[in-house]
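Trainee: A structural model of the following input is requested.
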Amino acid sequence: MKLLTAFIIGSVFGLGIALSGMANPAKVLNFFDVAGHWDPSLIFVMGGALITTAIGYRLVFGQRTAPVFEKGFLVPTSTQLDKYLIGGSAVFGIGWGISGFCPGGAIPALGLGYVETFQFVGAMIAGILVARLVNTRILRPATA
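Mentor: A predicted model of the protein is given here:
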């Protein structure tokens, strides 16, 4: 049941990304091009997501102490702005601005079959693996 629920939620998310045009990197890049062919539609997509999320959080956290299929909510407890948060945010923003893809939009866009999408997802996976390697082997080496 847990897997089926995840599949349904992922499908709804992917459908929303596709219908909103966010699987098209040109649409996203045009949002960042304020001096050229600016496309403000991403503001409405983000605003709709923010409103939906705010209502969802209010409903879920107001009525439940734990998710349906887990023992508890996995909510970040840190409020610190550390180098990992700032660095990760910067890398995310730079990658999004260069490619027009964010991970949430790239995964559903794989279904369109464009080579650029597969290149982005491959580079994203490689980046995740390199970041984990650097984090575990260089920044936080194991003590013997």
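
Trainee: would you mark the buried spots in the lengthiest helix in the chain?
Mentor: When the chain is parsed with DSSP state H, its longest helix is helix 41-63. Within helix 41-63, the residues that count as buried by 16 or more other CB atoms under 10 Å are 42, 45. Just so you know, the C-beta spots here come from the backbone N, C-alpha and C atoms, and that holds for glycine as well.

Trainee: check which element follows that helix along the chain.
Mentor: Counting by DSSP states H and E, the element after helix 41-63 in chain order, helix or strand, is helix 83-99.

Trainee: so how far is that following helix from its chain's centroid?
Mentor: 11 Å (CA atoms, centre = their mean, to the nearest Å).

Trainee: could you point out which element follows that helix?
Mentor: Using DSSP H and E, the helix or strand that follows helix 83-99 in sequence is helix 103-109.

Trainee: and that next one, what's buried?
Mentor: Quick answer for helix 103-109 (16+ other CB under 10 Å): 105, 106, 107, 108, 109.

Trainee: packing partners for it?
Mentor: Applying 3 or more CB pairs under 8 Å, 6 or more residues apart in numbering; DSSP states H and E, one finds that helix 103-109 contacts helix 2-20, helix 25-32, helix 115-133.

Trainee: which of the ones you listed sits closest to residue 61?
Mentor: helix 2-20 (17.4 Å; CB to CB).

Trainee: any idea of the angle the closest one forms with helix 41-63?
Mentor: 150 degrees (axes from the mean of the first three to the mean of the last three CA atoms, to 10 degrees).

Trainee: from residue 34, how far off is the spatially most central residue of the chain?
Mentor: What sits nearest the mean C-alpha location of the chain, by CA atoms, centre = their mean, is residue 104, with 4.3 Å. Noted for residue 104: a distance of 22 Å to residue 34, by CB to CB, to the nearest Å.

Trainee: what do you get for residue 69?
Mentor: In terms of CB to CB, residue 69 sits 43 Å off from residue 34.

Trainee: related to what we said a few turns ago, could you check the angle helix 25-32 makes with the longest helix of the chain?
Mentor: 90 degrees.
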